[in-house]
Every structure is written in C-alpha cells, then in structure tokens.
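>>> Okay, sequence plus prediction incoming.
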Amino acid sequence: MSVMQAKQMSDFCTDFCRIFPDAKARIRIDEPMSGHSTFKVGGKADYLLSVASGEELAAAIKIASEAGIPITVLGNGSNILVSDKGIRGLVLVIGKDMASVSVEGDNILKAEAGALLSVVSKYAASYDLAGMEFASGIPGTVGGAVYMNAGAYGGCMEDIVIGSVGLDADKLEVFELKDTGSHKFGYRKSFFAGENAFVLSVKMRLEIGDPDEIKAKMDEFTARRRSSQPLELPSAGSTFKRPEGFYAGRLIEDSGLKGYRVGGACVSQKHAGFIVNDKGATATDILALIDHVKDTVYGRTGVMLEPEVRILGEW
Ligand SMILES: Cc1cc2nc3c(=O)[nH]c(=O)nc-3n(C[C@H](O)[C@H](O)[C@H](O)COP(=O)(O)OP(=O)(O)OC[C@H]3O[C@@H](n4cnc5c(N)ncnc54)[C@H](O)[C@@H]3O)c2cc1C
C-alpha cells in the first residue's frame, strides 16, 4: 500500500467508525485472504470489514467510492481464487456478522445474506421444513448462493427463493425483488451476478416435511459428497461451470489430467472437476493449472471450459 493509499484507508476508517463506532472491532488491516478463502491461498487485503447490516454496507460503499477506494464484496469465500498479491482497497464481507435466520408465516424462512447454507438448512430441518436439503453441504452463504444460483443433487436456489432485499451499489438504494422470476435465475447466475448490487436478505418458501425424511436426505447428500468429492483438501468446489451437454469433470478426466499438478495445485484424483490445494499451493499455481486444464481440454475436445470460481485481486 502506498503512503497515499494508507492515508485514504485510514480516513475511511475514521469516517466509517464515526457513524458506526462498533465496527472498529470488525475492521482488519493487511488481512491475509488465505483465511477468507476455502482454497486457503491469497495475499493480504489492504482493509477488510465484516459488515453487520445493509446500512453499514451502503455507508462503506459510499465512503469508499467517494475516496476512490476499490471495493470487493465477499460471502464465505468458497467460490473465489484470490491472487498472491492480495486485494487492493477494501474487502467487505457479508458473513457471520449479518447472519440472522427466522421463520415467518406460510413456511417461509427469512435469512440475512451472510447466513451459511449449512446453518440455514439445519434451521429449516429443526422446524420440519423440507426443500433446503440440497444446500446443506454447500459451504457458502445465502447471499453468495443467490448470486450464483448455487445448486446440488437436483435442487438449486431458484427452486426455493421467492424474494430478496438487495442494495443497489450505484444508487446506494435498497430494493426488493418480490418474486422468483425477478431474480433472473439461470445456470450459476442471477440478477445479482449481472448488476452492481448485493443481496442483503432472502426469503425462501419451503414445505412441511417428515423430519425423518428430511434428515435422511441430508445424510444421504453428505455421504454422497464425502464419497465423491475431495472434501479433506482445500478447494473452491467445482472449478469450472458445466459446459452445455458435457460434464467438466468427465472432459478433464478424459483429457488425461486427473492428478496433473502445477506446484502445490493438483487436479483431484477423486473428482477431476475439483482443483485442490494439496501441497501448499500458491494462487499462481492454481491459476496456471486452471489455464492448463482449459487449454488441454479445448485442444482435445474442442470444448472451452469457463471457470466457475471468481478470480479476484491484483495479478
Ligand atoms: C467443497 C466445496 C463444495 C461445493 N459444492 C457446491 C455445490 O454443490 N453447488 C454449488 O453451486 N456450489 C458449490 N460450491 C461453491 C460455493 O460454495 C458456492 O458457489 C457458494 O454459493 C458461494 O458462496 P460464498 O458465500 O462462499 O460466496 P463467495 O465465494 O464469497 O463469493 C462468490 C461470488 O459471490 C458474490 N457474493 C457473495 N455474497 C454476495 C452477496 N451477499 N450479494 C451479492 N453477491 C455476493 C461475490 O461477490 C463473488 O463474486 C462448493 C465449494 C466448495 C469449497
């Protein structure tokens, strides 16, 4: 960070903490991003703030943009690759400090964007509410899951989301999406992925289910994940999107890349769709491996893989 950037950031803290004094304890300086990414790689973020409300998020974006400080918004960091040089400016985390969950009438679950899917699924199950079992093993937040319409085992966020509250980061206005259709869900995308807007809270409609069946389904999905995915090693889940008509993992395996390695990064032996950090990989190793996999699969099959993982920071 240059002297000028350090001054900008310190002014940001002063201005922000004047409005939200409690936030001081949630601001980190030179924060290693390896602790905020399931890949366990990434250099330092100049500043990182875990926000506690939509008001804080809006104020942080306003003050930072007026000062010319770049911002990056994250949830649980389970779908990102952060550069070894880290992230300049301010990282805003919508996570554990904005994570309340409640049940409303008509089997509707309301969750703040930072709530973890695993926690929300268990919460739903504790009220005998079915429909979120598919999400119980996805290690992201509700906001991150809506952003990319996360899904697994035949279910996805589109099936359950009936409304959300978001923040328009350009106008700094809170808005509401009042039905599923206005979220413009598609395969691994949503309204939020195409706009400078962030999810603050989400409403999901579930249905009353049999508690034993809900638990059995969650256990079955967990067992299937454990047996087919390299959960014992840091990764960001499926590295690539599913190309139409193909499975990325199958194309990678058929291209002879299972176990292929760059430095400490490796195409998982257990599931070729996952790149894992098994020997102290750097982000550079992982990105080089992503590029190698893309080039090789394209050369052998003519299919261009597109990373599902968001590549962030200063490269
Ligand atoms: C072991 C493992 C298994 C996985 N299995 C699955 C799976 O089965 N299915 C699946 O779909 N994914 C899976 N994933 C990927 C990941 O968990 C999901 O993509 C998840 O939805 C990402 O949420 P996050 O909070 O971690 O987002 P992050 O990784 O923090 O961010 C990802 C993107 O979402 C944006 N974002 C985050 N929060 C918000 C918000 N509140 N508002 C707007 N944008 C936001 C960020 O800006 C960023 O662009 C897996 C990952 C791992 C590590």
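Perfect, I can see it now. Numbers count the residues shown, from 1 in each chain.

>>> Could you list the residues in contact with the worst-scoring helix or strand of the chain on mean pLDDT?
Lowest on mean pLDDT, DSSP states H and E among the helices and strands of the chain sits helix 3-19, with a mean of 89. With C-beta atoms under 8 Å, 6 or more residues apart in numbering as the test, helix 3-19 has contacts from 1, 23-24, 27, 29, 46-47, 49, 59-60, 63-64, 67-69, 88-90. All C-beta spots, glycine's among them, are computed from the backbone N, C-alpha and C.

>>> Then stretch 99-113?
75, 94, 98, 114-116, 119-120, 123-124, 127, 129, 132, 141-143, 146, 162, 198-208.

>>> from the residues you listed, which are also near the ligand?
For the ligand, the contacts drawn from those by C-beta under 6 Å from any ligand atom are G75, I94, T141, G143, F198, V199.

>>> Just the ones of these in helices?
G143 (DSSP state H).

>>> And the ligand, is stretch 293-312 touching that?
Yes. Stretch 293-312 reaches the ligand (C-beta under 6 Å from any ligand atom) through R310.

>>> host element of the residue in the stretch 151-300 of the chain that the ligand sits nearest to?
Closest contact between the stretch 151-300 of the chain and the ligand, by C-beta to the nearest ligand atom, is at G237 (2.4 Å). Using DSSP states H and E, the element containing G237 is strand 235-238.

>>> and stretch 1-17, how far from the chain's centre?
Remark: stretch 1-17 is offset 27 Å from the chain centroid, using C-alpha atoms, centre = their mean, to the nearest Å.

>>> quick one, domains of the protein?
For the chain, the structural domains run 3-93, 101-213, 230-312, going by automatic domain parsing.

>>> quick one: low-confidence ranges for the protein?
Applying pLDDT under 70 to the chain flags no residue at all.

>>> Quick one: name the residues of it near the ligand.
Contact residues (C-beta under 6 Å from any ligand atom) of the chain with the ligand: 38, 73-80, 94, 113, 138-141, 143-145, 147-148, 150-152, 192, 198-199, 231, 235-237, 310.

>>> Please give me every residue in contact with the nearest residue to D170 once chain neighbours are set aside.
Closest residue to D170 apart from its sequence neighbours, by C-beta to C-beta, 6 or more residues apart in numbering: N196 at 5.3 Å. Shown in contact with N196 (C-beta under 8 Å, 6+ apart): D168, A169, D170.
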